[in-house]
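Peer 1: model this:
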Amino acid sequence: MGFPGTWMTESESVVYRVVPKCACSTIGQIMYYSDHGEFFDGDIHDAATGLHKWARDESQALINDNVKSHASYAFTCVRNPYTRILSSFFDKICGIQRNGKRYRGKLVPLLTQKYGIEVGGDDGKQEFDQIESFRRFLLFARDTIRWRRPMEPDIHWSSMSGHVSTFIVNGGRYDKIFWTEAFNDGMGQVLDAITTPHTVDLDTIPRFNESEGHGPKRAHPVEDYFDDLSMHLVYEIYHRDFDLFKYDFENPANKMPVGEIDLDEVHAKLGE
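Peer 2: Numbering: from 1, shown residues only. Got it, this is the predicted structure:
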């Protein structure tokens, strides 16, 4: 299976396991800058040069050898499951993507027909009941993850622990897992631990939020979207994410972690 979703700088200064909706655009641009002294002109996910990616055939042998020998510092980044699934809904379901079309073509019509989800009209800008539609989307997300119906789960709402685990199961080991909510602190620790061709000043790095502006603005506080049933569904889908990455399941309003991530625990439980 190898190391899907893994990126590595060309200098092999650092290895990163991408977790969708967890600051991956900013992290990718920082890695690119650390090698080249400039940012990639465009969405870093589109970069076909300047950064090794498992999706590039010519990068796979290099990534495989590096990760299996733990030749470079390896890390990933996680995010509160409540805000992550909300972000996925507004970006991927309600939003128009950068190609000017809906995400995955027929997905939104399917959700409208089978789950009664509204998305703000053809352009995603019309008024609609965000809370009701989001809760219906949660049912759909649960169905894809638990029963793989009416489709396979999408990388943007499949569990973070699922993404993180493939790296471990196939022979990798993380040196650091940090939280999106404490980005500068976590990314700073990564940069302090490695040597890069170009120095990165985190205080001046822009945030590359490529999903921003795709969809409607969230109209309510995070906690308003989650009633008791929604919280139950979220825990059913993401219980390992809450447990391993120390987020607060009991209070959707608290996006901050409530404990420290135990790397040994993560490797033990996700390496099974």
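Peer 1: So which bits of the helix or strand that contains residue 142 are buried?
Peer 2: Assigned by DSSP states H and E, residue 142 belongs to helix 130-147. For helix 130-147, the neighbour count (16 or more other CB atoms under 10 Å) marks 130, 133-145 as buried. Placement of C-beta: from N, CA and C, glycine included.
Peer 1: Export these as CSV, with columns for pLDDT.
Peer 2: Formatted as CSV, the buried residues of helix 130-147 follow (pLDDT from 0 to 100):
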residue, pLDDT
130, 95
133, 96
134, 97
135, 97
136, 96
137, 96
138, 97
139, 96
140, 96
141, 96
142, 95
143, 95
144, 95
145, 93
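Peer 1: Now do the helices in the stretch 1-150 of the chain.
Peer 2: For the stretch 1-150 of the chain, the helices defined by DSSP state H, counting those that start in this stretch occupy 24-36, 57-69, 81-88, 107-115, 130-147.
Peer 1: ok, of these, where does mean pLDDT dip lowest?
Peer 2: Sorting the helices of the stretch 1-150 of the chain by mean pLDDT places helix 107-115 lowest, at a mean of 91.
Peer 1: what's the distance between residue 265 and residue 17?
Peer 2: Distance of residue 265 to residue 17, given as CB to CB, to the nearest Å: 17 Å.
Peer 1: okay, the two: which has more neighbours?
Peer 2: A direct count of neighbours by other CB atoms under 10 Å for residue 265 and residue 17 places residue 17 higher, at 25 against 12.
Peer 1: just checking, the more buried one touches residue 162?
Peer 2: No: here residue 17 does not reach residue 162: they are 11.4 Å apart, not a contact under CB atoms under 8 Å.
Peer 1: tell me, what's touching the two both at once?
Peer 2: Both residue 17 and residue 162 lack any common contact, where contact means CB atoms under 8 Å, 6 or more residues apart in numbering.
Peer 1: now the helix or strand encompassing residue 236 and helix 130-147, what's the angle there?
Peer 2: According to DSSP H and E, residue 236 maps onto helix 228-245. Helix 228-245 runs at 60 degrees relative to helix 130-147, counting by axes from the mean of the first three to the mean of the last three CA atoms, to 10 degrees.
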